[in-house]
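> from the sequence below, what's the structure:
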Amino acid sequence: LERLGLTVHLRMASSWKAYKRDIIGKRPGGIYRYAWHADFPDPYNFLYTLFHSASPGNYIHYANPEVDRLIDAARSEVDQQKRERLYHQAEALIMQDAPTVNIVYYEIERLFQPYVQGLDVRSMSESFTRMERIWLDR
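Numbering: from 1, shown residues only. Coordinates of the predicted model:
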């Protein structure tokens, strides 16, 4: 990276608590590893948590009052179509601002033989297939 004119200082943390306290989001322009998985299947779980200026999970310190307003409005909207439109508008603004650059995207691929039965693989539980419900056909 020095050939590109970038100076890199590597920092280590002894625990997740120390990593969150000392490294994530502490330096403007800093690069760090952080993954986010949905706790529940709703845009709020990503957009509020990662991009709302009041969220403690907004480690990039992104702040856009219009994005905050749209997320807050969507959060309290009961009409699903209106709610979806509000989240789409917020997401479009976030993409336009490009406050973060994601360099890794995890994909989980699963291959199963046809004789493996009882699988209940869901998008919210990518690595938590309950083994006691699986059986093998002859």
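> show me what secondary structure element comes after the helix or strand harbouring Ala90.
Assigned by DSSP states H and E, Ala90 belongs to helix 80-97. Next along the chain after helix 80-97, taking DSSP H and E as the criterion, comes strand 116-117.
> residues touching the helix holding Ala90, excluding its own?
Contacts of helix 80-97 with the rest of the structure, by CB atoms under 8 Å, 6 or more residues apart in numbering, involve 43-44, 47, 51, 62, 64, 66-67, 70-71, 73-74, 77. The way it works is simple: take the backbone N, C-alpha and C, and place the C-beta from them, glycine included.
> what count of nearby residues applies to Ile71?
By the measure other CB atoms under 10 Å, the count of residues near Ile71 is 26.
> give the rounded mean pLDDT of stretch 110-117.
Regarding stretch 110-117, the rounded mean pLDDT is 85.
> end to end, how far does that stretch reach?
End-to-end span of stretch 110-117 (CA to CA, to the nearest Å): 14 Å.
> what comes up buried for that stretch?
When neighbours are counted by 16 or more other CB atoms under 10 Å, no buried residue of stretch 110-117 is found.
> any idea how far it is from the chain center?
Chain-centre distance of stretch 110-117: 29 Å, with CA atoms, centre = their mean, to the nearest Å.
> need the contact list for the residue nearest the centre of the chain.
Relative to the mean C-alpha position of the chain, the nearest C-alpha, by CA atoms, centre = their mean, is the one of Trp36, at 3.3 Å. The contact partners of Trp36, taken as CB under 8 Å, 6+ apart, are Phe46, Thr49, Leu50, Gly57.
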